[in-house]
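Undergrad: Whatever this is, show me its structure:
(2 chains)
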2 protein chains.
Amino acid sequence: MDTMTSHHLFVLLLSLGVLLAVARVLGELAQRFRQPAVMGELIAGILLGPTVMGALMPELNAYLFPMKGLNAIALDTISNMAIVLFLLVAGMEVDLSTLWKQGRIGYKVGITSIVIPFCIAFTTAFAFPEALGRHLEADPLIFALFLAIAVSISALPIIAKILMDMGLYRSDLGMVAISAAIFNDLVGWMIFAVILTLIDGHAGNGNSILLTISLTLAFVIAVLTLGRWLIHKALPFVQAYTRWPGGELSFALVLGLFGAAFTEWIGIHAIFGAFIVGAAIGDSPHLRERSRVIIEDFISFIFAPVFFASIGLKVNFLTHFDLWLALTVTMIACVCKFAGGAVGARWGGLHRREACAVGFTMISVGTMGIIIGILAFEAGIIRQRLFVALIVMAIFTSMISGPAIRMTLHIEKRLRLRDMLSSKLFLKGIRSVSRRGVIDELTQMVSAAEGLDASSLAAAVWDREEALSTGIGNGVALPHARIKGLRQTQVVVGLSSTGIDFDAPDNRPVHVIFLILTPAEAPDAQLQLAAEIARLFRHKGLTERALRAENVTDFLALLRSGI
Amino acid sequence: MDTMTSHHLFVLLLSLGVLLAVARVLGELAQRFRQPAVMGELIAGILLGPTVMGALMPELNAYLFPMKGLNAIALDTISNMAIVLFLLVAGMEVDLSTLWKQGRIGYKVGITSIVIPFCIAFTTAFAFPEALGRHLEADPLIFALFLAIAVSISALPIIAKILMDMGLYRSDLGMVAISAAIFNDLVGWMIFAVILTLIDGHAGNGNSILLTISLTLAFVIAVLTLGRWLIHKALPFVQAYTRWPGGELSFALVLGLFGAAFTEWIGIHAIFGAFIVGAAIGDSPHLRERSRVIIEDFISFIFAPVFFASIGLKVNFLTHFDLWLALTVTMIACVCKFAGGAVGARWGGLHRREACAVGFTMISVGTMGIIIGILAFEAGIIRQRLFVALIVMAIFTSMISGPAIRMTLHIEKRLRLRDMLSSKLFLKGIRSVSRRGVIDELTQMVSAAEGLDASSLAAAVWDREEALSTGIGNGVALPHARIKGLRQTQVVVGLSSTGIDFDAPDNRPVHVIFLILTPAEAPDAQLQLAAEIARLFRHKGLTERALRAENVTDFLALLRSGI
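TA: This is a model prediction of the structure:
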């Protein structure tokens, strides 16, 4: 049992490969439907775990993902490392300076968004523990505390993603929500750490509960003040005297591992230490962008999917699915979290509609709730059916947050260029050499695909073009028009290797033409797409490389990854 | 034994943190003395393993790095994953197109560099197996084959690094050596894979040896032809339709895991599959630079050090150190590998001196020899004392390769700007506003530190400066002079926030001044440093950020990581 045999290694590699592949594919699918990637990753685990594969192909399931033996330990090791590193990255995303800058309103929302859900959920869980799926041997107080914190915490990464998707990240409302989520995360994890110390035998190092709590507080304060200062001072030395970027990468990871080890030692979970150390590291302006990107990308896209998929391997989600419990928990979470966010925002002086939007933003429990759920499950505090219900709640709250904000603020879904491109509307070689000819050629493609009259489309675009040239420089032009009766926005891409004079501000010939036709009822569509295109083609050299695209896939690959 | 307890997780995090920290620090130290990082990483393991820590603090050693139990399995899992991923990266560095381009001379060196050492070492090992440390139960044929391949293989990453350090990478000689090393790596690993199948019970899947060898060849051919083509075609789709860069990252890793699993299944080691898949992925021009950087940096700087350090944990290097055996193995390796490279280069038509340089380049067994050594040891083919001797040989051949090439080609050690900077020779605020005044101010700093006459130094620099301005644009100037009696090159850095007119080609004022004083006997020193500085400051914005440096550490950090 000391080293892996060839068979063990084979099974480990195969199971990891399958887990990562399915998790990433479903994660991508979830994002395609504008859902958080974690949803797809969890479903991957459910498919590969006892719920589906275990029921249909029990032998294959037991072979790939055994519950006992060396391979179970190996997979457990990797998913443990994955979650610790994921929390390091989550910590690095916490920008403490945002918290200072945003000031009182951020704190107010932060406080109410944790206090209100915590109190309501605690009272409910303490009053009706059995109905809510307490483990029979678990202490009712600890159970109630756990459920309360699982419902109160917010998922900073998901909140940030939702706000970015809606273009609200840099708005006042967005910054209030983000700083509240940072506060919520920090305080929530601290409360969670304290609750962990209350579990019998968990503070197994012989420390008393009081000592553990004191050590936890001392750790947080020391890391976020002295530690943060030392890291900030040490980073230039690491950069100056070690190989770049290896020194900085290992510096961050070693600190994360030690922080995690320390909090595990004092009797709370390792992930808390990784999170706090991450916050201290990520806060230093000396941390270079390249190191941050390497750490965040590798961990978010490799370790995190493995961890979230591995959750589904532990429980049968079908046999332990209790609709009423899931509904109850989800209901409590939605109501509490919405109230917590909205009350704080009103208290901070926001208008009713904006306060509601803040409430809906804070609703998302997401990844953090899932992590708390799995820890509580493994610590034997909650039963399987509550664990399943918590996962459902975490996913559901993340799913409805975006649409609810959109409805509250009357925001249309943002158009994304990548959803508009299709091979039918992509022309590799434009034949014309005049503006008018190009517009005719490209509008004809839409009329063929959509069954609209080509000449009236071309006339509308040409009217706009004559009024003011749509050449935006760097070899790109965006002829466009609003068309009555068009069902949805159409974008045609045309490439011209010879180049066309579009009377562009930089006087250079145009090689990449986006023809944008928008329905008359969607006044913002054209502007959104034009802004995205202008932003992409600000990078020099992109036009030249775009000309080499053989088809729409090459072109899209370039837009998404080539810059 | 199914999931980790809190204590196991604590020990795992602590041991990993310690292992990574010590490995990286010693790896950096090794590089500071111009030695390969892997040397420091191996020493880290020796310090933390039974050799040193186990002897001095046996209890701590057994606590942190136990040989049995759950933590031993966890560490083994991580080091197994690390080596598989490291070989994926090593494969990605193999540029197959270099091999085609370089043509026959590359193949010739490649063939002789593997055939000659293999034959000599095989004969020796087959004739004197006991003297060379064969495991008593190991088959003499397999033993001899193993030793032969361990001595024949070359370490592509280390060879590339050595050539880069000497500025030979893009030279004809460098390209010959690199293409030979690629050939050597590919063929060497294939022979190694075949040898692995010969071990009793290793091809444990019930496959016959012939079947395993056929499957291996079929795998290599399929992956490097069809697989390579499919990957090349698939990458634009991955880039176009998944989140960037997550899709590409997980695509590469999943393929690597599956390739590794497949070769492990057919009865050869997983790392071979990872290596071949890496070669197929790394060869596609569609693979974006950013994905390559993320994968290579994270794996080379985090996983690889953990793996190489973990080697030292397995054996006591002191009690099993056999000087004569180590000398014999090292001698065989040096002679064989030098002869193999040099003979091939002469055969390919190179001159004698250049052929010798190629011979010395191919000498480096490095990381690849170490990996083969550990696999042979774990498969029970070699005894501990031969294992230790192989490690010594691998390190020694990598250490002498660079100096030997330098002596053969009469190349001086390249000066590196980073070794020249010191706080004594760094002036944050230049007071003068004229060229002459700046030169006086900066030469005075050297004279103070070195005890030379300030006015004659300044006169020499000024003579050169008057002949032709040393402003190189982007706000940088490089006044310089050769000084008789100066013991070694001195570089003074001066920053001027007001800016000084140096009559630069872009007419902009100069803010960053490097005063370079070189001994009269070192004609190339000034040019090397000037070229490095010019290359660094080609990046716009660096001058501006350099002005904000508070001290020489900040300045150096910026030069090494800020661009």
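Undergrad: Show the average pLDDT along stretch A:305-312.
TA: Across stretch A:305-312, pLDDT averages out at 93.
Undergrad: Report whether that stretch contacts chain B.
TA: Yes - using Cβ under 8 Å from any Cβ of the partner chain, we find that stretch A:305-312 touches chain B at A:Pro305. For every residue, glycine as well, the C-beta is placed using N, CA and C.
Undergrad: List the contacts of that stretch.
TA: Stretch A:305-312 has contacts (Cβ atoms under 8 Å, 6 or more residues apart in numbering or on different chains) with A:16, A:19-20, A:22-24, A:27, A:37-38, A:41-49, A:51, A:75, A:78-79, A:82-83, A:86, A:367, A:370, A:374, A:391, B:250.
Undergrad: Among those, which ones are in helices?
TA: Counted as lying in helices by DSSP state H, out of the contacts of stretch A:305-312, are A:16, A:19-20, A:22-24, A:27, A:37-38, A:41-48, A:75, A:78-79, A:82-83, A:86, A:367, A:370, A:374, A:391, B:250.
Undergrad: which of these count as buried?
TA: Burial by neighbour count, judged by 16 or more other Cβ atoms under 10 Å in any protein chain shown, picks out A:16, A:19-20, A:22-24, A:27, A:37-38, A:41-48, A:75, A:78-79, A:82-83, A:86, A:367, A:370, A:374, A:391, B:250 from the ones in helices among the contacts of stretch A:305-312.
Undergrad: does the residue found closest to A:Leu425 once you drop the neighbours it is linked to in the chain sit in a helix, a strand or a coil?
TA: Spatially, and ignoring its direct neighbours in sequence, A:Leu425 is nearest to A:Val492 (4.5 Å; Cβ to Cβ, 6 or more residues apart in numbering or on different chains). Classification of A:Val492 using DSSP: H, G, I helix; E, B strand; the rest coil returns strand.
Undergrad: quick one: A:Val492 and chain B, what's the gap?
TA: 17 Å (Cβ to the nearest Cβ, to the nearest Å).
Undergrad: bridging residues for that residue?
TA: Residues in a beta bridge with A:Val492, per DSSP bridges, are A:Leu515.
Undergrad: tally of neighbours for it?
TA: Neighbour count of A:Val492, defined by other Cβ atoms under 10 Å in any protein chain shown: 24.
Undergrad: ok, now A:Glu28?
TA: Number of residues near A:Glu28 (other Cβ under 10 Å) recorded here: 18.
Undergrad: Go ahead and confirm it touches B:Gly247.
TA: Yes - counting by Cβ atoms under 8 Å, B:Gly247 is a contact partner of A:Glu28 at 6.6 Å.
Undergrad: Starting from A:Val293, give me the distance back to the nearest residue to A:Ile266 once chain neighbours are set aside.
TA: Counting by Cβ to Cβ, 6+ apart, A:Ile266 lies nearest to A:Leu215, which is 4.4 Å off, once chain neighbours are set aside. Separation of A:Leu215 from A:Val293 (Cβ to Cβ, to the nearest Å): 34 Å.
Undergrad: Pick out whichever of the two has more residues nearby.
TA: In this view A:Leu215 and A:Val293 are compared by other Cβ under 10 Å, and A:Leu215 has more residues nearby, 20 against 16.
Undergrad: interface residues of the stretch 51-200 of chain A facing chain B?
TA: Within reach of chain B by Cβ under 8 Å from any Cβ, the stretch 51-200 of chain A has these residues: A:67-70, A:72-74, A:76-78, A:80-81, A:84.
Undergrad: Quick check on these: which are buried?
TA: Applying 16+ other Cβ under 10 Å to those flags A:70, A:72-74, A:76-78, A:80-81, A:84 as buried.
Undergrad: With pLDDT added, can I get the residues you listed in a markdown table?
TA: Shown next, in a markdown table, are these (pLDDT from 0 to 100):
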| residue | pLDDT |
| --- | --- |
| A:Leu70 | 91 |
| A:Ala72 | 93 |
| A:Ile73 | 93 |
| A:Ala74 | 94 |
| A:Asp76 | 93 |
| A:Thr77 | 94 |
| A:Ile78 | 95 |
| A:Asn80 | 93 |
| A:Met81 | 95 |
| A:Val84 | 94 |
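Undergrad: Adding distance to B:Val306, write the residues you listed out as JSON lines.
TA: Listed next are those as JSON lines, based on distance: Cβ to Cβ, whole Å:
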{"residue": "A:Leu70", "distance to B:Val306": "20"}
{"residue": "A:Ala72", "distance to B:Val306": "22"}
{"residue": "A:Ile73", "distance to B:Val306": "18"}
{"residue": "A:Ala74", "distance to B:Val306": "15"}
{"residue": "A:Asp76", "distance to B:Val306": "18"}
{"residue": "A:Thr77", "distance to B:Val306": "13"}
{"residue": "A:Ile78", "distance to B:Val306": "13"}
{"residue": "A:Asn80", "distance to B:Val306": "15"}
{"residue": "A:Met81", "distance to B:Val306": "11"}
{"residue": "A:Val84", "distance to B:Val306": "15"}
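Undergrad: For the residues you listed, work out which two are farthest apart.
TA: For these, the farthest-apart pair by Cβ to Cβ is A:Leu70 and A:Val84; their separation is 21.3 Å.
Undergrad: Give the residues shared as contacts by A:Glu28 and B:Gly247.
TA: With Cβ under 8 Å, 6+ apart as the test, A:Glu28 and B:Gly247 both reach B:Tyr241.
Undergrad: mind listing what's buried in the one helix or strand A:Ile405 maps to?
TA: A:Ile405 belongs to helix A:384-409 when assigned by DSSP states H and E. Buried residues in helix A:384-409, defined by neighbour count with 16+ other Cβ under 10 Å: A:384-402, A:404-406, A:408-409.
Undergrad: Buried residues, the helix or strand just after that helix. List them.
TA: Later in the chain than helix A:384-409, the nearest helix or strand by DSSP H and E is helix A:417-420. Neighbour-count burial for helix A:417-420, counted by 16+ other Cβ under 10 Å, picks out A:417, A:420.
Undergrad: which other residues reach helix A:417-420?
TA: So helix A:417-420 is contacted by A:489-491, A:529, A:532-533, A:536, A:556, A:559-560, B:240 (Cβ under 8 Å, 6+ apart).
Undergrad: run the last query once more with 6 Å
TA: A:491, A:529, A:532 (Cβ atoms under 6 Å, 6 or more residues apart in numbering or on different chains).
Undergrad: What distance do you get for A:Asp440 to chain B?
TA: Taking Cβ to the nearest Cβ, one finds A:Asp440 at 28 Å from chain B.
Undergrad: ok, now A:Leu186?
TA: Applying Cβ to the nearest Cβ to A:Leu186 and chain B gives a distance of 22 Å.
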